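Novice: can you look at this prediction? I've put the sequence above it.
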Amino acid sequence: MNIKNQALGGFSLVELMVGMTIGLITVLVVTQVMSVAETRRQASISGADSVVNVGLGLYTIEREGKSAGYGLTALQTAIGCPIKAMHDTTPINLNLVPVTIIDGASGAPDQVRFLASSKSGVALPMRISQDHRVETAHFFVDSDMGATDQDLMLAVPTTSSGATWCTVFEHHSGGGGGNNGNNGNGGGQGLNQISHPSGQSSLNPNAAWPSAGYTAGDAIVNLGSLSDRTYFIDNKKLRVSIYTLRTASSVSADLYPNIVQLQAAYGKDTNADAVVDTWDNATPATSAAWQQIRAIRVALVARGQKRESGTVTLDGAAAASTCASTNPHPAAVCWKPNPAGDGVKIDVSAGNAEWQRYRYRVAETTIPLRNVIWRE
Ligand SMILES: [Ca+2]
Ligand SMILES: [Ca+2]
């Protein structure tokens with residue numbers, strides 16, 4: 001009878017408390033395990049995002065670099081030629097070079113600018129067959145193959161100087177009051193012509209031209225519409241700026257997020273043995289120095305999205321010394337401007353006091369300038 005009463009009495013207070021304590025401990029353990037798993041998951045997703053962003057960004061720049069200089073580098077002496085043009089009354093100045101590195105001040109991100117002819121099919125220069133005065137609207141050339149109206153053309157002197165430079169103009173075959181067989185200046189019937197009638201394009205004012213004009217043996221390069229793209233970092237994004245010479249204006253677009261740094265260096269062959277021997281980002285001052293550039297190196301740095309609870313990236317001086325060693329610390333942000341030389345630190349501290357609480361991923365590559373190398 002007593003036994004039956006005890007069984008009907010339910011749990012005692014002590015039993016209940018023990019049961020609840022075991023339950024609470026179980027919940028605590030499960031919560032802890034899930035929290036750690038989630039932190040790890042976020043860290044690995046954040047790392048995977050960085051790898052994808054930095055890989056795609058570098059691939060985009062590499063692809064652009066491989067076609068840089070297409071159509072522009074067939075004339076070896078033309079590389080480095082200063083290009084002048086006028087858009088109505090606005091002067092345009094650039095250099096006939098496949099790639100330009102704009103070095104960021106004090107370790108800030110660099111910018112890389114690529115130029116190429118966008119004319120598909122025919123990118124061989126046309127030889128100018130007769131001396132050309134600026135006031136005449138028609139160049140006589142050996143062959144005008146591939147030239148169509150409104151193509152951007154580049155007149156290139158055999159050697160450029162302060163008084164002779166490269167001039168951009170827009171080709172209009174029917175301009176100047178004549179047609180292909182009658183240029184209105186006497187003669188020229190039956191000769192191939194490339195024309196820059198001043199009234200037919202904003203790009204054709206005579207003010208852009210060297211006063212001495214061009215001479216027989218100089219060349220004209222068909223740019224099509226000229227591909228001019230600059231890759232740069234802005235607000236933790238890799239972006240591209242596309243310059244349109246025809247309208248003298250540019251537009252920018254976002255490419256990949258969470259990219260915080262871009263560093264670049266020229267690969268120069270300074271002793272003409274076709275092997276790159278110097279890696280730096282000094283802008284060449286002469287045409288001859290521009291011709292030494294055979295490759296560039298580019299490094300991109302992506303930042304993980306996850307802010308860690310403690311410091312996970314090495315600070316300045318520590319990073320600088322470990323970057324220059326044979327086995328850099330994995331928490332240092334480094335790259336090698338010279339693939340066979342010492343690494344250097346990349347500064348990723350800009351704009352964020354907590355930059356050391358983020359992880360960074362560096363991707364770097366050498367981009368050979370194929371159009372420069374193959375011309376030889
Ligand atoms: Ca730099
Ligand atoms: Ca060399």
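Specialist: Everything's here; your move. Numbers count the residues shown, from 1 in each chain. Ligands and ions are numbered 1, 2, ... in the order given.

Novice: show me where pLDDT drops low in the stretch 1-150 of the chain?
Specialist: 1-8, 122-123 (pLDDT under 70).

Novice: which parts of it sit against ligand 1?
Specialist: Asp103, Asp110 (C-beta under 5 Å from the ion). All C-beta spots, glycine's among them, are computed from the backbone N, C-alpha and C.

Novice: next, count neighbours for the residue in the stretch 101-250 of the chain positioned nearest to ligand 2.
Specialist: Residue nearest to ligand 2 within the stretch 101-250 of the chain (C-beta to the ion): Ile101, separated by 19.2 Å. Neighbour count of Ile101, defined by other C-beta atoms under 10 Å: 22.

Novice: ditto for Thr148
Specialist: Neighbours around Thr148, by other C-beta under 10 Å: 12.

Novice: what of Cys334?
Specialist: 23.

Novice: pretty sure it sits against Asp342.
Specialist: No: under the criterion of C-beta atoms under 8 Å, Cys334 makes no contact with Asp342, lying 9.4 Å away.

Novice: please enumerate the shared neighbours of those two.
Specialist: Cys323 (C-beta atoms under 8 Å, 6 or more residues apart in numbering).

Novice: who are the packing partners of the longest helix anywhere in the chain?
Specialist: If you go by DSSP state H, the chain has its longest helix at helix 13-67. Packing partners of helix 13-67 (3 or more C-beta pairs under 8 Å, 6 or more residues apart in numbering; DSSP states H and E): strand 111-116, strand 227-234, strand 237-244, strand 249-257, strand 259-268, strand 293-303, strand 360-368, helix 370-373.

Novice: switch to 7 Å and redo it
Specialist: Helix 13-67 is packed against strand 111-116, strand 249-257, strand 259-268, strand 293-303, strand 360-368, with contacts defined by 3 or more C-beta pairs under 7 Å, 6 or more residues apart in numbering; DSSP states H and E.

Novice: dump the ones you listed into a markdown table; add mean neighbour count and distance to His196 as well.
Specialist: Formatted as a markdown table, those follow (neighbours: other C-beta atoms under 10 Å; distance: least, C-beta to C-beta, whole Å):
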| stretch | mean neighbour count | distance to His196 |
| --- | --- | --- |
| strand 111-116 | 23 | 21 |
| strand 249-257 | 13 | 21 |
| strand 259-268 | 25 | 34 |
| strand 293-303 | 25 | 30 |
| strand 360-368 | 19 | 35 |
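
Novice: can you put the ones you listed in JSON lines and add distance to Ala212?
Specialist: Output for the helices and strands packed on helix 13-67, formatted as JSON lines (distance: least, C-beta to C-beta, whole Å):
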{"stretch": "strand 111-116", "distance to Ala212": "25"}
{"stretch": "strand 249-257", "distance to Ala212": "31"}
{"stretch": "strand 259-268", "distance to Ala212": "32"}
{"stretch": "strand 293-303", "distance to Ala212": "29"}
{"stretch": "strand 360-368", "distance to Ala212": "37"}
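
Novice: make a markdown table out of those and add distance to ligand 2.
Specialist: A markdown table is the format used below for the helices and strands packed on helix 13-67 (distance: least, C-beta to the ion, whole Å):
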| stretch | distance to ligand 2 |
| --- | --- |
| strand 111-116 | 22 |
| strand 249-257 | 34 |
| strand 259-268 | 8 |
| strand 293-303 | 9 |
| strand 360-368 | 14 |
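
Novice: and Gly80, which of these is closest to it?
Specialist: strand 293-303 (9.2 Å; C-beta to C-beta).

Novice: tell me how far Ser46 lies from Ile128.
Specialist: 58 Å (C-beta to C-beta, to the nearest Å).

Novice: which one's more surrounded, the two?
Specialist: Ile128 (24 against 20).

Novice: which residues does that one contact?
Specialist: Residues near Ile128 by C-beta atoms under 7 Å, 6 or more residues apart in numbering: Phe139, Val141, Tyr214, Ala216, Gly217, Asp218, Ala219, Ile220.

Novice: quick one: buried ones out of those residues?
Specialist: Phe139, Val141, Tyr214, Asp218, Ala219, Ile220 (16 or more other C-beta atoms under 10 Å).
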